[in-house]
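Trainee: With the input below, show me the fold.
(one chain, ligands or ions: 1)
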Amino acid sequence: MKQTVLTGLRPTGNLHLGHYFGAGQTWRNIQDNYDFYLEIADVQALTDNFDNPEKVRHNVYEITKDLLAIGLDPEKVHFFIQSKIPQIAELTVFYSNLVTVSRLQRNPTVKTEIAQKKELFGNDGESITYGFLGYPVSQAADITCFDGEVVPVGDDQLPLLEQCREIVRKFNSIYGETLIEPQQLLSNTPRIKGLDGNDKMGKSLGNAIYLVDDYETIQKKVMGAVTDPNKIKKDDPANPDVCMVYYYHKLVNNEENNNKICEECKKGARGCVQCKRELIEALNNFLEPIREKRKFYEEHPEEVEKVLEKGTNEALAKAEVTVKKVKQALKIDY
Ligand code: TRP
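Mentor: Purely as a prediction, here's the structure:
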């Protein structure tokens with residue numbers, strides 16, 4: 001029998017190339033070999049977007065279309081909406097007794113996110129909500145609700161998985177073997193840098209190339225990319241290894257072109273403007289099949305609904321079994 005995979009993502013914005021080459025790549029690769037539950041984590045998104053429910057709702061559909069466009073197959077993957085599975089909320093309440101407040105405050109992922117919020121909004125700790133502090137508990141419920149054995153994650157999520165394992169061990173030690181301890185599947189794809197040279201591509205960093213970006217948007221973003229600062233004139237020789245334009249050519253262009261670009265750049269036989277123009281074409285060619293696929297779902301929103309409904313029903317069936325077991329263990333199976 002196939003092992004069960006559970007992973008999720010918060011619907012707070014469209015997918016960008018960082019997602020495509022990171023989580024997206026891993027998910028495409030594993031969809032054949034696992035029983036794959038993919039949660040659109042709208043409840044989790046509300047923990048720090050509770051004042052903007054329209055944004056979360058809109059992005060549930062945006063993200064689902066993006067995921068389908070990059071080649072996740074709804075016949076293989078159970079796409080589901082977190083809020084449609086009330087059992088996750090039930091488990092969250094039961095698990096909350098097994099986690100101390102200080103343990104949550106020490107969770108490195110939570111700590112980092114609180115620090116980011118302080119920086120962004122000048123918040124002091126006072127404005128951190130109970131719901132936000134507790135989201136690792138809710139994420140443990142996401143995973144265990146579906147007997148998630150394997151969780152593909154980026155390294156930023158590892159502390160959340162560790163927190164989940166602690167909850168599982170505590171639950172099982174008090175109430176008897178009931179829950180499955182999940183293993184991580186660390187993505188081996190390196191993080192994609194931004195065109196601005198930042199180590200990470202991200203919405204909050206303002207340097208992301210979205211899968212839905214059109215030709216003009218790509219053009220503008222590429223024209224602003226960081227190149228070798230030592231190259232002043234068009235025919236100065238330069239170092240492609242410090243140039244973000246070359247970095248992106250390597251991601252989306254073919255090997256033959258890239259070898260040529262590299263050689264010409266080193267010899268001073270190619271200007272940055274021409275090189276950027278070629279990257280704009282290469283990026284657009286790369287994105288075109290994704291856009292095509294997405295267009296189908298934009299024109300057929302009922303197909304997106306169908307995918308979500310089917311996956312949600314499959315997820316519900318599994319969640320019911322888990323909560324029944326959990327309630328028996330807790331002696332609340334009246
Ligand atoms: N926390 C993840 C994020 O920030 C999303 C997520 C929700 C998740 N539930 C999950 C990831 C369960 C792995 C497993 O995007």
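Trainee: Just to check, residue 12 is in contact with residue 47?
Mentor: No: contact status for residue 12 versus residue 47: not in contact, 10.8 Å apart, counting by Cβ atoms under 8 Å. For glycine as for every other residue, the C-beta is placed from the backbone atoms N, C-alpha and C.
Trainee: Dump the helix or strand of the chain with the lowest mean pLDDT to CSV, keeping only the CA atoms.
Mentor: In the chain, no helix or strand scores lower on mean pLDDT, DSSP states H and E than helix 108-121, which sits at a mean of 84. Written as CSV, here are the backbone C-alpha positions of helix 108-121 (Å, rounded to 0.1, in the frame of the first residue of the first chain):
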residue,chain,number,x,y,z
PRO,A,108,11.6,28.7,16.1
THR,A,109,9.2,29.1,13.2
VAL,A,110,6.7,30.9,15.4
LYS,A,111,9.5,33.0,16.9
THR,A,112,10.7,34.0,13.4
GLU,A,113,7.2,34.9,12.3
ILE,A,114,6.6,37.0,15.4
ALA,A,115,9.9,38.8,14.8
GLN,A,116,8.9,39.5,11.2
LYS,A,117,5.6,40.9,12.3
LYS,A,118,7.3,43.2,14.8
GLU,A,119,9.5,44.5,12.1
LEU,A,120,6.6,45.0,9.6
PHE,A,121,4.0,46.5,11.9
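Trainee: Next one: residue 46 from residue 56, what distance?
Mentor: Between residue 46 and residue 56 the computed distance is 6 Å (Cβ to Cβ, to the nearest Å).
Trainee: okay, now the spatially closest residue to residue 282 that is not a sequence neighbour: neighbour count?
Mentor: Spatial nearest neighbour of residue 282, excluding adjacent residues (Cβ to Cβ, 6 or more residues apart in numbering): residue 253 at 4.3 Å. For residue 253, the count of nearby residues is 20 (other Cβ atoms under 10 Å).
Trainee: on that earlier part again, is the least confident helix or strand of the chain anywhere near the ligand?
Mentor: No: judged by Cβ under 6 Å from any ligand atom, helix 108-121 stays clear of the ligand, getting no closer than 8.0 Å.
Trainee: would you put the C-alpha positions of whatever helix or strand comes next after that helix in PDB?
Mentor: Of the helices and strands lying after helix 108-121 in sequence (DSSP states H and E), the nearest is helix 130-133. Coordinates of the C-alpha atoms in helix 130-133 are reproduced here as PDB (Å, rounded to 0.1, in the frame of the first residue of the first chain):
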ATOM      1  CA  TYR A 130      -4.000  33.000  20.800                       C
ATOM      2  CA  GLY A 131      -4.900  31.600  17.400                       C
ATOM      3  CA  PHE A 132      -1.600  32.600  15.900                       C
ATOM      4  CA  LEU A 133       0.500  31.300  18.800                       C
END
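Trainee: how many degrees apart are the following helix or strand past helix 130-133 and helix 108-121 in direction?
Mentor: Sequence order places helix 135-145 as the next helix or strand after helix 130-133, per DSSP H and E. Between the axes of helix 135-145 and helix 108-121, defined by axes from the mean of the first three to the mean of the last three Cα atoms, to 10 degrees, the angle is 140 degrees.
Trainee: now helix 135-145: mean pLDDT?
Mentor: Averaging pLDDT along helix 135-145 yields 98.
Trainee: Can you tell me what sits against it?
Mentor: For helix 135-145, the external contacting residues (Cβ atoms under 8 Å, 6 or more residues apart in numbering) are 6, 8, 39, 41, 43-44, 47, 82, 85, 87-89, 91-92, 95-96, 99, 104, 107, 109-110, 148, 151, 159-161, 163-164, 167-168, 179-180, 182, 318-319, 322-323.
Trainee: Tell me if it is near the ligand.
Mentor: Yes: Helix 135-145 is in contact with the ligand by Cβ under 6 Å from any ligand atom, via 139, 142, 143.
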